[in-house]
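S.K.: Okay, here's the prediction I keep looking at, along with the sequence it came from:
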Amino acid sequence: MSTPSSMKPAWPYRPGPDISFAAPEGLRAAQRMAKAAALAGVQVARRGISEIEVEQRVHDFLLEQGAQGIWTITNVGLGENTRVCFPTQGPGEQRAGERDVLMVDVHPITADGSWGDCTRCAVIGDYPAAEQALKDLERIHDETLALCRPGMPASELFGLSHQRLTQEGFILLDLLGNIGHSLTAGAAYTHGFIDAGNNSPMWGAWAIEPFAQRGEVAVKVEDLVWFGREGCEIL
């Protein structure tokens, strides 16, 4: 897969209360591709598979779907590597154990230059603690998505989500201490992160991605939300 080019998506982006009511079609298509690619990655989860093999499956899928590249690396984590999800740590030779968690975070660029972003996890083997941790994190994630409203401060959404994570015994693992970031037309992080110190109003696309550990289990899930003029939409 190639890295980002200078191509920009067709849809304009103006953060603020005059943002469009609905998400741009290019962004919708990019996120459909991202979700399908993340699913393709976790579907190959099995004992003995390597991170590089999972990455290859994701990239093959993206090429089949007409992706033009990726805007940052595909993160694949197995074993202890599920505890780090950062652009400096690419997939390696780590192989899945008999009981393990596979994490896949994908970032496709579509033909019109739109960007997607999605993370999914799968539990390998008989691993009840991991199954429960993933189930609980997915529930907290869904609760967080339901709390989204147009223009709310990023710090407020962080506080609500972090409170729920802490109540259920999770420790936030993100190296920058956030649960997500902005995603503009062909760029990420322009309006910062969803963390305790960012009071920026949330308009347009934001990636919401709680990444946390409970006990020995690290799990992550991610979806995009469009903060539109009158409502929020999970893409």
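M.R.: Structure received. Numbers count the residues shown, from 1 in each chain.
S.K.: Identify each buried residue in stretch 117-127, please.
M.R.: Residues Asp117, Cys118, Thr119, Arg120, Cys121, Ala122, Val123, Ile124, Tyr127 are the ones in stretch 117-127 that count as buried (16 or more other Cβ atoms under 10 Å). Where C-beta positions appear, they are placed from N, C-alpha and C, glycine not excepted.
S.K.: Quickly list what the second one is bridged to.
M.R.: Right, the one you point to is Cys118. Val106 (DSSP bridges).
S.K.: residues in contact with it?
M.R.: Gln31, Ala34, Lys35, Ala37, Ala38, Asp105, Val106, Glu222, Asp223, Leu224 (Cβ atoms under 8 Å, 6 or more residues apart in numbering).
S.K.: check which helix or strand covers the fourth one.
M.R.: Mapping Ala37 onto the secondary structure by DSSP states H and E places it in helix 25-42.
S.K.: What helices and strands are in contact with that helix?
M.R.: Where contact means 3 or more Cβ pairs under 8 Å, 6 or more residues apart in numbering; DSSP states H and E, helix 25-42 is packed against helix 51-64, strand 100-106, strand 108-109, strand 118-124, strand 223-227.
S.K.: With mean pLDDT and distance to His191 added, can I get the ones you listed in a markdown table?
M.R.: Converted to a markdown table, these look like this (pLDDT from 0 to 100; distance: least, Cβ to Cβ, whole Å):
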| stretch | mean pLDDT | distance to His191 |
| --- | --- | --- |
| helix 51-64 | 98 | 26 |
| strand 100-106 | 98 | 20 |
| strand 108-109 | 96 | 20 |
| strand 118-124 | 98 | 20 |
| strand 223-227 | 98 | 11 |
